[in-house]
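J.: Show me the folded form of this:
(chains A and B)
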Amino acid sequence: MFFFILQLIKAMSRYLILLLLPLLTYSACSNPAGSDDDDPMMPSFDRREMLKTWADEVIIPAHNDFEANLEAMAAANEAFSLNPGAETLTEFQNRFKAAYLSFQRLDPFLIGKGEEIRMRELLNTYPANVDLIQENADSGAANLDLPSNTVAQGFPALEFLLHAENNQLLTNANHRAYATALIDRMLLLNETVLTDWNGTYRDLFIQNDGNSATASIDRTINDYIFHYEKFLRAGKVGIPAGVFSDDPLADRVEALYAGYSKELFLEALSASRDFFTNRGLKEYLDVLNVRRDGELLSSQIEAQFAVILEASAALTDSFAEQVEVDNVQLLGLYDEMQRLVVLMKVDMVQALSINIDYVDADGD
Amino acid sequence: MNCQLPTSPAPLAVFRIGFGLMMALSIVRFWANGWIEKLYLEPTYFFSYQYFEWVKPLGSWTYLLFGTAFISALMVMLGWKYRLAIVIFFLSFTYIELMDKTTYLNHYYFITLLSFVLIWLPAAACFSMDARGRKVHYIPRWTIDSLKIFVGVVYFYAGLAKLNSDWLLEAQPLAIWLPAKYNIPLLGDLLQQRWVHYGFAWSGAAYDLLIPFLLFWRPTRVFAFVMVVVFHVLTRVLFPIGMFPYIMIVSALIFFDEGVHERLLTSFQKVGVAFKHKGLRGISILFRKYWRSKNAIHQVARPQVQIKDERAVNDTLGNSAKMYFRRSTGYYKKQSALTPSAIIVSLTLLAHLTLPWRYALHPGELFWTEEGYRFSWRVMLMEKAGYLTYQVEDPSSGKRRSVDPGRYLTTFQQKQLASQPDFILEFAHFIAAEHQINGEPLPAVFAESYVALNGRGSRVYVNPGINLTTITTNTPRVAWLMPFEDEIYGL
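T.: Residues are numbered from 1 along each chain as shown, chains lettered A, B, ... in the order given. Okay, here's the model as predicted:
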């Protein structure tokens, strides 16, 4: 019998190379990260469906919602410009706040065009450069496309014009004109991104449902975690609390002049939490039955979100004030947020085999 | 078995051509992917191997370095000034590998090792530009056997390393990696199944352990080679491992008899002639060089025809080699058993066999401390990811600040840094120097780090209370890492 099999193998071996050839060609041509085939998904979890949810129920609505809020703010600005007064200013400030809050829900998902045009940097780099804002307003012809003007536009700049002590919005037409220019630019930037999503990008995004550094799931999760780590954890909490410096830096808080850093923080946190819990990630982890130390990883992440919310409950509205009065609370919040970075960036990313680099490289 | 027996130089020639070609293609691919730029020009910091701190990328000259490796690989393939070419290839390739520890891969080490061994082997004895007009009939048999052992040990040791409880009992890390390949045609759904993970794990271990022997034993050789192709093609489809599968497939050819290699060389020649006849002069120039050396191969082929007449066709390699030997006693006499080449190759082989066991000299779990993990053919054994920031403490004020290594490193470097102790230590010293104020003592540097290994939850990795500037590369890693709370059984 054994001898027979050997003979058979021997006889076949002549033709085996013919069998192997297509196999070799297949491997040479196929992209192991394959992104362009619509092959059957895992029966229990549809990744493409998750991408659809992300595009149609999270990202595009966030852009739409943001646009509506920007337009409302633009209208309030127009009313104010026509009739500068305490009442119209308050309305303007209210609309500004609503727009700033809605930006927090969009912020974690600035991918594709939004990333390309640096929308986050252009809209929310703080602290704003006060001198540059004054200068730009006075000159009346600032080129906001210049990288140097990143720190003199977006919400922080507008916030300075609207909320700084001794603000000149009521008295200085240059400041009003600059505010209008800033709002126009915000509208334009959001429109650029939204047009791209409504055009071809949505379908490209959904079709790119493979597993590689450039696939949509990998990129979105990377950007989502990156936003949590750099902007929610470090930007809003860690930097002002002095985690990255020898001393606390109260003037680095978001909404320094308006004083509602906590509200913005909570809105961003809730957007992050909602994305994890309700938009597919939790389900994805559970379908793969990812358990760590006997407990579902998704439960651990959800629990940590709750802990963070609790740690922020007692904070005052203005984080600048919080830093000066009782920074330990803010540092405590930072530590809890740090734990969540580990759970998401190490455990979750590993469990889902998300590629953390933007470029594919060889492995062993 | 007398290893000094002379044998046909054809297998070495095929190996040389395949190796040179694969290396040249690898370099082209590396270059075309923009990796020279991304891995060696864009980063501002590079992680060094101990004793090789002086090896760094050369700025724009790095391209010249890759160009040198490419040209020497082509020269190796053509067998033109072979000894010089392979020395240059070994040096340039090894230099590239030493520039940044971040890019370490076992198969790069394999290439460094192979190219070093090839320096000492007469791989250009036939079918090469060097061999034009010269007649080299036979080469010592150990020169081919040593390559078989080199390739075989890689597989066997990779198999031994898989004999651990994570791999065999948990099917880790495959259970993490395979489900992510959901959109591979045909296999995607299967890869979600737990039993498939176990199937891959066990058959992978069995494959690695058995394949050298199946290749060595003539009756199973063809079957084994088919397995080699299937296995490596599968790994190519499943994992991003670049040129490695093709390199291993070509390397495994060395196990075939000289007759197979001679036929291969003859068909190479035919291709060259065909090109010539079709008037594709440009392409044929390359082959013509070989064609001119066809004298050399005919010299080799002729005695074999005579052997066939004597009905020795199914003899083992050893026996037919003996027949050569009887016809060419002069050659054998000239060979002393211990040539410098043989000694050097033997010593390299000894290192190849012993180096992977050095981990036993260090305390602690190998997967956790990674002390002795590299250069040991431990391939695909770990899914280890981490998160790391440093705390820098000002020596005079005692104030602490958090330093994100991302300020200095690429994403790829950060990924490697976060889970490998020698990276963490080296970079802690760099951070300390970076934050030292003129005239002040060195600040203390602590690591806040977490690592998750093979499906276990993330754990604190480096002892957060230890000032890493007080730790040297000679300090045992168990002294400054947190203890590994689990147990991994096996080799």
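J.: can you pull the contacts of the nearest residue to residue B:175 once chain neighbours are set aside?
T.: Distances taken as C-beta to C-beta, 6 or more residues apart in numbering or on different chains put residue B:197 closest to residue B:175, at 4.5 Å, once the chain neighbours are dropped. The way it works is simple: take the backbone N, C-alpha and C, and place the C-beta from them, glycine included. With contact taken as C-beta atoms under 8 Å, 6 or more residues apart in numbering or on different chains, residue B:197 is in contact with B:171, B:174-175, B:178.
J.: Of these, select the buried ones using a ChimeraX command.
T.: A single ChimeraX command suffices to select whichever of the contacts of residue B:197 are buried according to 16 or more other C-beta atoms under 10 Å in any protein chain shown:
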select /B:171,174,175,178
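J.: returning to that earlier point: on the three-state scheme, the residue nearest to residue B:175 is what?
T.: helix (DSSP: H, G, I helix; E, B strand; the rest coil).
J.: so residue B:205 touches residue B:163, yeah?
T.: Yes - contact between residue B:205 and residue B:163 holds when scored by C-beta atoms under 8 Å: they sit 6.5 Å apart.
J.: bridging residues for residue B:449?
T.: With DSSP bridges as the criterion, residue B:449 is bridged to residue B:388.
J.: Contacts only, for it.
T.: Contacts of residue B:449 by C-beta under 8 Å, 6+ apart are B:386-389, B:418, B:424, B:460-462, B:464.
J.: Among the residues you listed, list the two that are farthest apart in space.
T.: Within these, two members stand farthest from each other by C-beta to C-beta: B:418 and B:464, at 14.5 Å.
J.: ok, these two, which is more surrounded?
T.: Relative neighbour count places residue B:418 above the other of residue B:418 and residue B:464, with 24 against 12, counting by other C-beta atoms under 10 Å in any protein chain shown.
J.: which residue packs closest to that one, ignoring adjacent ones?
T.: Using C-beta to C-beta, 6+ apart and skipping residues adjacent in sequence, the residue nearest residue B:418 is residue B:386, 3.3 Å away.
J.: sec struct for the one you found, please.
T.: Residue B:386 ends up strand, using three-state DSSP.
J.: Test my guess that it contacts residue B:447.
T.: No - at 10.2 Å, residue B:386 does not count as touching residue B:447 under the criterion of C-beta under 8 Å.
J.: Common neighbours of those two, please.
T.: With C-beta under 8 Å, 6+ apart, residue B:386 and residue B:447 have common neighbours residue B:461.
J.: give me every residue that touches the nearest residue to residue A:216 once chain neighbours are set aside.
T.: For residue A:216, ignoring the flanking residues on the chain, the nearest one in space by C-beta to C-beta, 6+ apart is residue A:208 at 4.4 Å. By C-beta under 8 Å, 6+ apart, residue A:208 lies in contact with A:35, A:51, A:214-216.
J.: does residue A:356 sit in a helix, a strand or a coil?
T.: Relying on three-state DSSP, one would call residue A:356 coil.
J.: how about the nearest residue to it, chain neighbours excluded?
T.: residue B:415 (5.8 Å).
J.: what about the one you found, which helix or strand?
T.: helix B:411-419 (DSSP states H and E).
J.: Which elements pack onto that helix?
T.: Helix B:411-419 sits against strand B:384-393, helix B:421-435, strand B:444-453, with contacts defined as 3 or more C-beta pairs under 8 Å, 6 or more residues apart in numbering or on different chains; DSSP states H and E.
J.: Now that we have the ones you listed, can you turn them into a markdown table and tack on mean pLDDT?
T.: Below are these laid out as a markdown table (pLDDT from 0 to 100):
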| stretch | mean pLDDT |
| --- | --- |
| strand B:384-393 | 95 |
| helix B:421-435 | 97 |
| strand B:444-453 | 96 |
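J.: and those, which is most packed in?
T.: Highest mean neighbour count of the helices and strands packed on helix B:411-419: strand B:444-453, a mean of 24 (counted as mean count of other C-beta atoms under 10 Å in any protein chain shown).
J.: any idea of the mean pLDDT for the helix or strand following that one?
T.: Using DSSP H and E, the helix or strand that follows strand B:444-453 towards the C-terminus is strand B:459-460. For strand B:459-460, mean pLDDT rounds to 96.
J.: Adjacent strands (with direction) for strand B:459-460?
T.: Here, using DSSP bridges, strand B:459-460 pairs with strand B:444-453 (antiparallel).
J.: quick revisit: now flag whichever of the contacts of residue B:449 is closest to residue A:64.
T.: Once C-beta to C-beta is applied, the member of the contacts of residue B:449 that ends up nearest residue A:64 is residue B:387, at 34.9 Å.
J.: and that closest one, how far is that from chain A?
T.: 5 Å (C-beta to the nearest C-beta, to the nearest Å).
J.: any idea how far that residue is from residue A:116?
T.: 28 Å (C-beta to C-beta, to the nearest Å).
J.: and residue A:102, what is it in contact with?
T.: A:62, A:65-66, A:68-69.
J.: Quick one, which of those residues are buried?
T.: Buried among the contacts of residue A:102 by 16+ other C-beta under 10 Å: A:62, A:66, A:69.
J.: could you dump the residues you listed to CSV with distance to residue A:274 and secondary structure?
T.: Output for the buried ones among the contacts of residue A:102, formatted as CSV (distance: C-beta to C-beta, whole Å; DSSP: H, G, I helix; E, B strand; the rest coil):
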residue, distance to residue A:274, secondary structure
A:62, 11, helix
A:66, 16, helix
A:69, 18, helix
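J.: Redo the residues you listed as TSV? Include pLDDT and distance to chain B.
T.: Compiled in TSV, the buried ones among the contacts of residue A:102 are given as follows (pLDDT from 0 to 100; distance: C-beta to the nearest C-beta, whole Å):
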residue	pLDDT	distance to chain B
A:62	97	26
A:66	98	28
A:69	98	32
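J.: Residue B:358 reaches residue B:372, doesn't it?
T.: Yes - Residue B:358 lies in contact with residue B:372 (C-beta under 8 Å); the separation is 4.6 Å.
J.: So between those two, which is more surrounded?
T.: For residue B:358 versus residue B:372, neighbours defined as other C-beta under 10 Å are more numerous around residue B:372 (17 against 13).
J.: What distance do you get for that one to chain A?
T.: Distance from residue B:372 to chain A, by C-beta to the nearest C-beta: 16 Å.
J.: Where is pLDDT lowest across the contacts of residue A:208?
T.: residue A:35 (35).
J.: residues near the nearest residue to residue B:373 once chain neighbours are set aside, how many?
T.: Among residues not flanking residue B:373 along the chain, residue B:366 sits closest, at 6.1 Å (C-beta to C-beta, 6+ apart). If you count neighbours by other C-beta under 10 Å, residue B:366 ends up with 22.
J.: Likewise for residue B:370?
T.: By other C-beta under 10 Å, the residues close to residue B:370 number 22.
J.: next one: phi and psi at it?
T.: phi 60, psi 30 (degrees, to the nearest 10).
J.: quick one, what contacts it?
T.: Residue B:370 touches B:420-422, B:477, counting by C-beta under 8 Å, 6+ apart.
J.: Out of the helices and strands packed on helix B:411-419, flag the one nearest residue B:74.
T.: Here helix B:421-435 is closest among the helices and strands packed on helix B:411-419 (C-beta to C-beta), at 34.8 Å.
J.: now the helices: where do they sit in the stretch 151-300 of chain A?
T.: In the stretch 151-300 of chain A, the helices defined using DSSP state H, counting those that start in this stretch lie at A:154-163, A:173-196, A:202-207, A:216-227, A:239-241, A:261-278, A:281-287, A:297-313.
J.: If you count contacts, what does the last one end up packed against?
T.: Helices and strands in packing contact with helix A:297-313 are listed as helix A:261-278, helix A:281-287, helix A:319-342; criterion 3+ C-beta pairs under 8 Å, 6+ apart.
J.: Repeat that for the shortest one.
T.: Secondary-structure packing of helix A:239-241 (3+ C-beta pairs under 8 Å, 6+ apart): helix A:319-342.
J.: Might you calculate how far the helix it packs on sits from the centre of the chain?
T.: 21 Å (C-alpha atoms, centre = their mean, to the nearest Å).
J.: Fine by me, we can end here.
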